[in-house]
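Engineer: I'd like to go over a predicted model; first the sequence, then the structure.
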Amino acid sequence: MSFPHVGLAWPSALGPKPRVDFPRNADFEVHTLFRGVEAWGVATLRAVYSRLVVDLNRADDDVSDILVPDHPTPRPRRRPGVAGSDEKDHGHRWDRPGRGVVWASAIGGSGRAVQVLEHPLAYRDFADRIARYHQPYHRALEVLLERRHRRFGYAILVDGHSMPGSVGVDLVVGTLDGSSCSGRLRQFALTQLGARPTHNLALMSVRADDPYRGGEIIRRFGRPELGYHAFQLEVSRRLYMDEHRHALWPWPEDPSEPLPVARALGDAATSRSRPRPRPRALDVEEQRHRELEELLARVRTLVHRLVEQAPQLELQPTARQSDPPDLGRAVP
């Protein structure tokens, strides 16, 4: 599991910390939903530094020639998770709110854009950021996935993110329109996340590739034909935190212990046949508590069942390979 946008730190080597709302520009604490999964054999990797230093879910050449004028080969993307282009970034200010690998501005406490950079970056400084803060994370993912692949014949990467409650959907599985993982794995994830609720709640809304298809991490490491499968999991922040105060809702159980999984999701056929009691009205706090408990059960059950049932999903390579694939190279 990867959590590239949870970091909040700003390295002193880059000067004073910008006066922006760092939690608001992060996938705030989404990794805490998966605490303790290492006990199931899951390797986890999470960012320490803010995405305002470098965005780990963008390619290392995804930058405008306006932001880094002397970059020899900038390849800005119109959206993440696609191959770069050699187009010039005409008609834009260098300091517009960016969504490349380095941002010139970000959201401040007032909700307005605030400057992160005082001026365009020299290529030397840009390359130093990439070398110090971007490449090590991607290299760590590469090593972890290659180890899993050597051991099991395949590897699965779940890239964890969060999204504003205003998006209007609870969970999104991003697979770059089915290209970053096998169809069976994609359907498995959607089925586990969309199971019937354990309480008298409305079904959580689950979508595939809408509105988030995935970013550079699953594009780079999702090579299903070679046995490398990756998908992005977006979780609505309203389900686990107060989005205005950036405060997590209290966990329904002791957060120091891994939450039991699948205790009530059970077998889909069994749950469909079980009579459901008439729902009663819930107050706001109880509704919030139930939704968080439901969310935890779903996302953690997904990870736990991936650990247990992945061998049944036929994730081995479908293409012949004589040498280990080079996950570090750019894949169009």
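Structural biologist: Arrived safely, thanks for sending.
Engineer: can you give me the strands for the stretch 151-300 of the chain?
Structural biologist: 155-163, 171-174, 206-208, 228-236, 241-242, 247-248 (DSSP state E, counting those that start in this stretch).
Engineer: can I get those strands in CSV with distance to Arg186 and mean pLDDT?
Structural biologist: The C-beta positions use only the backbone N, C-alpha and C, and glycine is treated the same way. Formatted as CSV, those follow (distance: least, CB to CB, whole Å; pLDDT from 0 to 100):
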stretch, distance to Arg186, mean pLDDT
strand 155-163, 12, 98
strand 171-174, 7, 98
strand 206-208, 7, 96
strand 228-236, 7, 98
strand 241-242, 27, 96
strand 247-248, 29, 95
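Engineer: any chance of the ones you listed in CSV, plus distance to Leu67 and mean neighbour count?
Structural biologist: Shown next, in CSV, are the strands of the stretch 151-300 of the chain (distance: least, CB to CB, whole Å; neighbours: other CB atoms under 10 Å):
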stretch, distance to Leu67, mean neighbour count
strand 155-163, 24, 24
strand 171-174, 26, 25
strand 206-208, 32, 19
strand 228-236, 25, 25
strand 241-242, 32, 16
strand 247-248, 34, 14
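Engineer: what's the closest of those to Ala319?
Structural biologist: strand 228-236 (11.2 Å; CB to CB).
Engineer: hmm, which helix or strand of this structure has the shakiest average pLDDT?
Structural biologist: Ranked by mean pLDDT, DSSP states H and E, the helix or strand of the chain with the weakest confidence is helix 268-273, at a mean of 43.
Engineer: let's have the strands of the stretch 151-300 of the chain in CSV, adding distance to Glu29.
Structural biologist: CSV is the format used below for the strands of the stretch 151-300 of the chain (distance: least, CB to CB, whole Å):
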stretch, distance to Glu29
strand 155-163, 8
strand 171-174, 17
strand 206-208, 21
strand 228-236, 11
strand 241-242, 7
strand 247-248, 6
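Engineer: among those, which is nearest His31?
Structural biologist: His31 lies closest to strand 155-163 among the strands of the stretch 151-300 of the chain, at 6.4 Å (CB to CB).
Engineer: can I get the closest one as PDB, trimmed to CA atoms?
Structural biologist: Written as PDB, here are the backbone C-alpha positions of strand 155-163 (Å, rounded to 0.1, in the frame of the first residue of the first chain):
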ATOM      1  CA  ALA A 155       2.400  -8.100  -7.100                       C
ATOM      2  CA  ILE A 156      -0.500  -5.800  -6.100                       C
ATOM      3  CA  LEU A 157      -0.300  -2.100  -5.300                       C
ATOM      4  CA  VAL A 158      -3.100  -0.200  -3.700                       C
ATOM      5  CA  ASP A 159      -2.500   3.500  -3.900                       C
ATOM      6  CA  GLY A 160      -4.500   5.200  -1.100                       C
ATOM      7  CA  HIS A 161      -5.900   8.700  -1.400                       C
ATOM      8  CA  SER A 162      -8.800  10.800  -0.100                       C
ATOM      9  CA  MET A 163     -11.200  13.200  -1.700                       C
END
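Engineer: output the contacting helices and strands for it.
Structural biologist: strand 2-3, helix 135-152, helix 216-221, strand 228-236, helix 284-309 (3 or more CB pairs under 8 Å, 6 or more residues apart in numbering; DSSP states H and E).
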